[in-house]
Structures are given as C-alpha cells and as structure tokens.
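# the amino acid sequence is not available; the structure is as follows:
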C-alpha cells in the first residue's frame with residue numbers, strides 16, 4: 001500500500017510515521033512537507049532507518065502542481081498539513097486560509113485526478129466555535145470564533161463535496177487538544193502543555209490566559225495516531241469523527257499536575273502562574289463526545305492524563321539544556337505578542 005502524508009514532519013505526522021513504518025512492513029510512505037514548522041532532522045532520522053519505504057517530497061500543499069505530482073501512484077492520503085506556529089489567526093487570517101482551504105482543495109483535487117482511493121484528514125475541535133453543547137457531538141456545530149476555525153470547517157465542507165460529487169471516501173478527524181513528546185507548537189501558538197513544562201522546569205512563571213478555569217479535552221498523541229491508523233484502514237462511512245479523551249480538565253488543573261510531576265523530579269516548580277487577559281476567540285470549554293469514533297473506528301483513548309503528562313515531562317527534561325532554553329525563549333516572545341482582550 002502506498003500512502004502520502006502531508007505535513008509528515010510535524011508533531012502528529014512524525015508520531016504517525018513512526019507507527020506506520022514500525023508496525024506495517026507492507027506500507028510505502030511519501031511525505032509532503034515544506035518544513036515551515038516540521039522537523040527535518042527527525043524526518044531524516046526516520047529516512048535513515050526506513051530508506052526503502054520512506055520518501056520525502058519537499059514542497060507545499062499551496063502549490064497545485066506539487067500536489068498533483070505527490071498524489072501520483074498513491075492509494076491513500078493522510079492530510080495533516082496545517083498552518084505553522086504563528087501568528088494567531090485573528091492577527092493574520094491569511095496563512096490558515098492558504099493552508100486549510102486552498103491547500104486542502106489542491107490536495108483533494110489532485111487526489112481525485114490521480115485516482116487516489118481514500119483521504120483521511122485532520123480537522124479540529126475549533127469548528128465547534130460558540131456551541132454550548134457538553135459534550136460536543138459531531139452534529140453540535142456552532143459558529144467558529146476565529147479565522148482558523150472557519151478554515152478548518154471550510155476544509156470539511158470541501159471534503160464532504162469530494163465524497164458526494166467525486167465519490168472519494170473522505171474521513172475527517174476532529175482532534176481536540178493533542179499533546180505529547182515532541183510538541184512545540186499548538187494550533188494557535190505555543191502548545192499549552194509544553195509551554196507550562198518549559199516555564200516551570202526553568203523556574204519561570206507559567207503563563208495562563210484568563211483565570212485558568214477554562215476546561216479542555218486533552219488527548220495523548222499516541223491515541224490520536226491510533227485514530228488515524230484506524231481511519232486509514234477501516235471501511236467506515238465518510239464524514240467527521242471526534243478524537244478526544246472524553247474527559248476534560250481545567251488549565252489550572254493541568255498546571256498543578258505538572259507542578260506535582262516536576263517536584264517529584266526534584267525541581268522547584270511551586271511557582272504561581274501569571275495570568276494574562278483571556279485571548280479573543282479561545283473556547284471556554286471543550287469536551288469530546290467520542291461514541292461515534294468508538295463505534296466506527298474502534299477508537300478509545302487509552303492513555304490517562306497523568307501518564308501522558310509524565311511522558312511529556314520526561315521528553316522535555318531530557319532535551320539538551322540549550323534546546324530547552326531556546327524553546328522557552330521562543331514561547332515567551334510569542335506569548336507576549338498574542339492577541340488579547342482588554343482587561
């Protein structure tokens with residue numbers, strides 16, 4: 001089987017490649033990535049270990065010709081390419097539109113023209129926007145709160161059209177807050193869990209937007225990858241599926257759990273967070289209803305929050321000190337320029 005993974009050098013992409021190449025010896029994988037935010041070094045390390053089954057196509061989904069060439073000979077596509085780390089889409093709405101709308105359409109159309117048999121693509125819980133439903137089922141859509149959310153929803157609309165009019169099976173996974181080892185950037189800036197770890201481990205005030213009572217559904221990256229592999233291999237109805245843990249925790253609770261983990265490692269992590277004004281467009285609560293994914297994908301989140309945070313801390317504290325410091329400094333610069341409501 002030949003599979004194209006767009007954005008394969010990114011956080012989720014690298015974890016997916018590791019799983020596919022280690023566990024499925026019959027697969028040949030091509031990666032389309034422009035390295036705007038992905039890791040060339042980690043991808044090349046994978047290439048060295050699996051050079052006969054892993055091919056790199058350096059380019060961007062915003063180029064129709066590149067997409068057409070990349071889709072040639074592929075049997076399935078996993079579309080993970082997304083807007084790179086910054087800026088927040090309320091500050092600059094154009095990057096998210098270029099990647100998630102134009103780039104996705106380029107890739108979907110190329111898949112159709114090249115006879116690709118299936119498309120699995122990443123969407124986001126940001127499509128739920130101002131929905132007040134708890135938990136959020138797939139039909140609980142509200143109005144997106146940011147250009148990023150609009151771009152993700154538009155991608156879903158195009159995917160649905162490709163299935164209805166061009167008969168390509170399209171499966172969208174609405175990821176909630178994916179976290180884990182290797183994550184630097186989240187959907188709209190520094191990844192929350194990694195940012196908290198970076199600040200606390202360096203005896204710096206962790207930065208939290210708002211009062212910290214906003215709650216999120218956090219899903220460990222290995223669980224997100226299990227949903228992707230199931231969507232790739234199972235014959236399931238086209239459409240969108242939530243991928244979360246089915247539990248929610250406040251940002252304050254995440255910070256407190258990380259403080260506990262770091263203190264067990266002998267670090268002075270009893271540092272009160274610095275609360276900045278709530279960012280416009282942030283969702284106040286998010287909890288995934290995962291019954292549909294369980295029924296069709298056989299999906300369930302198997303990693304507890306405590307275990308996932310422990311593994312993420314272990315990854316970060318074993319990075320070279322200069323790398324830890326570089327991540328922290330990049331986070332601090334970005335967080336200070338994030339869009340905010342007036343207090």
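Yep, that arrived. Bear in mind the structure is a predicted one, so any value in this text is a computation, not a measurement.
# hey, where'd the strands end up in the stretch 101-250 of the chain?
For the stretch 101-250 of the chain, applying DSSP state E, counting those that start in this stretch gives strands covering 118-124, 170-175, 177-179, 185-186, 189-190, 207-209, 215-216, 218-220, 239-243, 249-250.
# what angle separates the second one from strand 118-124?
By that I understand strand 170-175. 30 degrees (axes from the mean of the first three to the mean of the last three C-alpha atoms, to 10 degrees).
# so what strands line up beside strand 170-175?
Here strand 170-175 is paired, per DSSP bridges, with strand 118-124 (parallel), strand 239-243 (parallel).
# circling back to that earlier point, for the strands of the stretch 101-250 of the chain, which one sits closest to residue 260?
strand 249-250 (13.4 Å; C-beta to C-beta). C-beta: built from backbone N, CA, C; applies to glycine.
# which residues sit against that closest one?
212, 213, 214, 215, 216, 218, 257, 305 (C-beta atoms under 8 Å, 6 or more residues apart in numbering).
# buried residues in the very next helix or strand once past that strand?
Helices and strands here follow DSSP states H and E; after strand 249-250, the next one along the chain is helix 251-264. Within helix 251-264, the residues that qualify as buried are 251, 252, 254, 255, 257, 258, 259, 261, 262, counting by 16 or more other C-beta atoms under 10 Å.
# my guess is residue 68 contacts residue 110, does it?
Yes - under the criterion of C-beta atoms under 8 Å, residue 68 makes contact with residue 110 at 4.5 Å.
# who has more neighbours, those two?
residue 110 (23 against 16; other C-beta atoms under 10 Å).
# what sits against that one?
By C-beta under 8 Å, 6+ apart, the contact set of residue 110 is 64, 67, 68, 70, 71, 116.
# check residue 170 too.
108, 118, 119, 120, 121, 159, 160, 162, 163, 238.
# just the buried ones out of these, please.
108, 118, 119, 120, 121, 159, 162, 163, 238.
# quick one: pLDDT of the nearest residue to residue 72 once chain neighbours are set aside?
Distance criterion C-beta to C-beta, 6 or more residues apart in numbering; nearest residue to residue 72, sequence neighbours excluded, is residue 114 at 5.3 Å. The model reports residue 114 with a pLDDT of 98.
# please apply the same query to residue 342.
Reading off the model, residue 342 has pLDDT 34.
# give me the domain ranges for this protein.
2-178+221-243, 180-216+247-288+303-336 (automatic domain parsing).
# still on that earlier bit, how much space between the residue nearest to residue 72 and residue 63?
Distance of residue 114 to residue 63, given as C-beta to C-beta, to the nearest Å: 15 Å.
# next, the contact list for residue 254, please.
192, 193, 196, 218, 305, 309.
# could you measure from it over to residue 331?
16 Å.
# residue 230 now?
Counting by C-beta to C-beta, the gap from residue 230 to residue 331 is 33 Å.
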